[in-house]
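# got a structure for you, letters missing:
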Ligand SMILES: Nc1ncnc2c1ncn2[C@@H]1O[C@H](COP(=O)(O)OP(=O)(O)OP(=O)(O)O)[C@@H](O)[C@H]1O
Ligand SMILES: [Mg+2]
């Protein structure tokens with residue numbers, strides 16, 4: 001195998017005099033992973049060059065492996081979002097090109113080299129979309145939203161991982177109505193607790209399965225630093241469509257850990273209607289951006305109360321979600337009314353999204369549908385596999401007389 005040049009050396013242009021910090025562009029682009037090849041587009045040599053203007057506009061050329069690659073729109077969207085998550089970047093213009101045969105061979109060499117050198121750092125497969133649900137302050141409904149979203153996605157037939165990253169204040173086991181102790185499999189990996197939902201499945205990991213709610217506090221210093229690490233590395237998650245992460249309030253450390261271990265994590269910010277809450281939530285968003293995590297959108301929770309007669313009462317004011325999404329330049333994915341059934345069902349361990357007749361379940365279904373089709377669509381694995389091309393080429397090579 002011949003040595004391939006470091007793709008970064010090949011950049012024709014680099015950061016101009018703009019405000020964008022050194023290295024920020026490449027750091028952000030490393031969050032864009034080609035789901036088929038399992039490496040980021042920088043390592044794959046797919047970034048041919050970029051230029052940043054003083055006004056913060058990034059012109060970038062991305063080379064795809066083959067013409068007509070069905071992953072094109074996904075890679076374009078992900079590249080754009082990753083770059084826009086740098087606060088100083090105002091606009092992104094992507095030129096899409098295609099690799100020459102030589103470039104493709106170099107890419108395949110790199111893929112083989114990386115695969116032989118570094119085993120995957122986590123048990124989360126490359127095609128799994130990872131979504132962290134965060135907020136600026138506690139009690140806005142992160143856990144309720146994460147749990148019900150996981151259920152809504154699973155009801156649609158998907159396999160969803162649900163990671164309760166709230167190590168001290170875990171609430172997912174209670175809300176999901178699951179109990180039990182985590183066990184290991186013969187490969188010495190922890191097996192998540194499973195709950196079937198419709199034709200889908202939710203696989204859950206929480207400190208709640210390791211410690212009783214009362215004794216969790218004792219685990220603090222001992223576990224906190226290592227817990228997220230272990231939950232990503234030592235859990236046999238299997239093939240997940242989505243991994244949802246219920247973030248603790250005050251998310252600094254956990255976000256940083258996620259950015260390091262799973263830089264492709266996307267963040268959904270939950271906020272409540274008052275405009276004051278919007279300010280707090282935007283702090284969580286800027287934390288995500290500081291870690292170059294992509295902001296996928298905003299969900300407003302505890303929106304107006306709708307009474308039995310259909311009358312709407314904006315109990316906590318209104319407009320926070322819309323304003324926050326405008327401020328951040330990301331979509332408002334949905335708004336969940338305040339409704340006693342959310343709290344009751346959470347306490348009973350039967351998430352409201354399980355009951356298709358409940359109007360709140362419909363809201364979660366709509367949010368789930370928007371996520372799977374538009375916000376963070378599932379990864380197509382059938383597409384322009386450079387690996388497939390490589391195998392065909394190898395086969396032809398072998399077939400030569
Ligand atoms: N849309 C809603 N309507 C009514 N009650 C709700 C709604 N969303 C959440 N709640 C209730 O509000 C409380 C806080 O919700 P939850 O625990 O999901 O918030 P959180 O942001 O995860 O909190 P923490 O920061 O403590 O982890 C819970 O009692 C929950 O049942
Ligand atoms: Mg919570």
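Received the coordinates, thanks. Source: prediction; values computed, not measured. Ligands and ions are numbered 1, 2, ... in the order given.

# any idea how far stretch 263-270 is from the middle of the chain?
How far stretch 263-270 lies from its chain's middle: 5 Å, per C-alpha atoms, centre = their mean, to the nearest Å.

# check whether it contacts ligand 2.
No. Stretch 263-270 stays clear of ligand 2 (C-beta under 5 Å from the ion), getting no nearer than 9.7 Å. Any C-beta I mention is one placed from the backbone N, CA and C, and that applies to glycine too.

# what about the stretch 101-250 of the chain, any weak spots by pLDDT?
Low-confidence segments of the stretch 101-250 of the chain (pLDDT under 70): 115, 117-120, 211-225.

# residues of it that sit close to ligand 1?
135, 138, 139, 140, 141, 142, 143, 144, 166, 169, 171, 249 (C-beta under 6 Å from any ligand atom).

# before we move on, which element is the residue of the chain found nearest ligand 2 in?
Proximity to ligand 2, evaluated over the chain using C-beta to the ion, is greatest for residue 143 at 3.2 Å. Using DSSP states H and E, residue 143 maps to helix 142-155.

# tilt between the helix or strand following that helix and helix 142-155?
Using DSSP H and E, the helix or strand that follows helix 142-155 in sequence is strand 159-164. Here the directions of strand 159-164 and helix 142-155 differ by 170 degrees (axes from the mean of the first three to the mean of the last three C-alpha atoms, to 10 degrees).

# which strands and helices sit next to strand 159-164?
The contact analysis (3 or more C-beta pairs under 8 Å, 6 or more residues apart in numbering; DSSP states H and E) places strand 159-164 against helix 142-155, helix 172-176, strand 200-205, strand 242-246.

# pull out the buried positions in it.
159, 160, 161, 162, 163, 164 (16 or more other C-beta atoms under 10 Å).

# one step back: and the residue of the chain closest to ligand 2, how many neighbours does it have?
25 (other C-beta atoms under 10 Å).

# tell me the contacts of it?
164, 166, 171, 172, 175, 246, 346 (C-beta atoms under 8 Å, 6 or more residues apart in numbering).

# could you redo the buried residues of strand 159-164 as CSV and give each row distance to residue 78?
Below are the buried residues of strand 159-164 laid out as CSV (distance: C-beta to C-beta, whole Å):
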residue, distance to residue 78
159, 22
160, 20
161, 20
162, 23
163, 21
164, 26
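
# of these, which pair is most distant in space?
Longest distance between any two of those is 17.3 Å, between 159 and 164; criterion C-beta to C-beta.

# now do the helices in the stretch 151-300 of the chain.
With DSSP state H, counting those that start in this stretch as the criterion, the stretch 151-300 of the chain has helices at 172-176, 216-233, 252-261, 275-290.

# deepest-packed of those, please.
Neighbour counts (mean count of other C-beta atoms under 10 Å) averaged over each of these peak at helix 172-176, with a mean of 24.

# what's that one in contact with?
143-144, 146-147, 162, 164, 166, 179, 193, 195, 202, 204, 206, 208-209, 213, 246, 346-347, 349, 351.

# related to what we said a few turns ago, to residue 40, which of the helices of the stretch 151-300 of the chain lies closest?
Comparing the helices of the stretch 151-300 of the chain by C-beta to C-beta, helix 252-261 comes nearest, at 13.2 Å.

# quick one, that closest one and strand 242-246 angle?
160 degrees.

# what's helix 252-261 packed up against?
By 3+ C-beta pairs under 8 Å, 6+ apart, helix 252-261 packs against strand 129-134, helix 216-233, helix 275-290.

# any part of the first one near ligand 2?
Right, strand 129-134. No. Against ligand 2, strand 129-134 shows no contacts by C-beta under 5 Å from the ion, the least distance being 9.0 Å.

# and that strand, what other elements does it pack with?
Using 3+ C-beta pairs under 8 Å, 6+ apart, strand 129-134 sits against helix 142-155, strand 242-246, helix 252-261, strand 266-271, helix 275-290.

# could you dump the ones you listed to CSV with distance to residue 130?
Formatted as CSV, the helices and strands packed on strand 129-134 follow (distance: least, C-beta to C-beta, whole Å):
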stretch, distance to residue 130
helix 142-155, 13
strand 242-246, 5
helix 252-261, 8
strand 266-271, 7
helix 275-290, 13
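
# and these: which comes nearest residue 226?
Nearest of these (C-beta to C-beta): helix 252-261, 10.0 Å.

# quick check: the nearest residue to residue 239 once chain neighbours are set aside vs residue 73, distance?
Nearest non-adjacent residue to residue 239, counting by C-beta to C-beta, 6 or more residues apart in numbering: residue 125, 5.7 Å away. Residue 125 sits 21 Å away from residue 73, going by C-beta to C-beta, to the nearest Å.

# name the stretch among the helices and strands packed on strand 159-164 that sits most buried.
helix 142-155 comes out most buried of the helices and strands packed on strand 159-164 by mean count of other C-beta under 10 Å, with a mean of 28.

# now do the helix or strand hosting residue 327: which elements does it pack against?
Using DSSP H and E, the element containing residue 327 is helix 320-328. Helix 320-328 is packed against strand 266-271, helix 275-290, strand 294-306, strand 332-338, with contacts defined by 3+ C-beta pairs under 8 Å, 6+ apart.

# hmm, it touching ligand 1?
No. Helix 320-328 does not reach ligand 1 (C-beta under 6 Å from any ligand atom); its nearest approach is 12.4 Å.

# return the set of buried residues in that helix.
320, 321, 322, 323, 324, 325, 328.

# could those residues go into a markdown table alongside pLDDT?
What follows is the buried residues of helix 320-328, written out as a markdown table (pLDDT from 0 to 100):
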| residue | pLDDT |
| --- | --- |
| 320 | 77 |
| 321 | 84 |
| 322 | 86 |
| 323 | 86 |
| 324 | 88 |
| 325 | 87 |
| 328 | 82 |
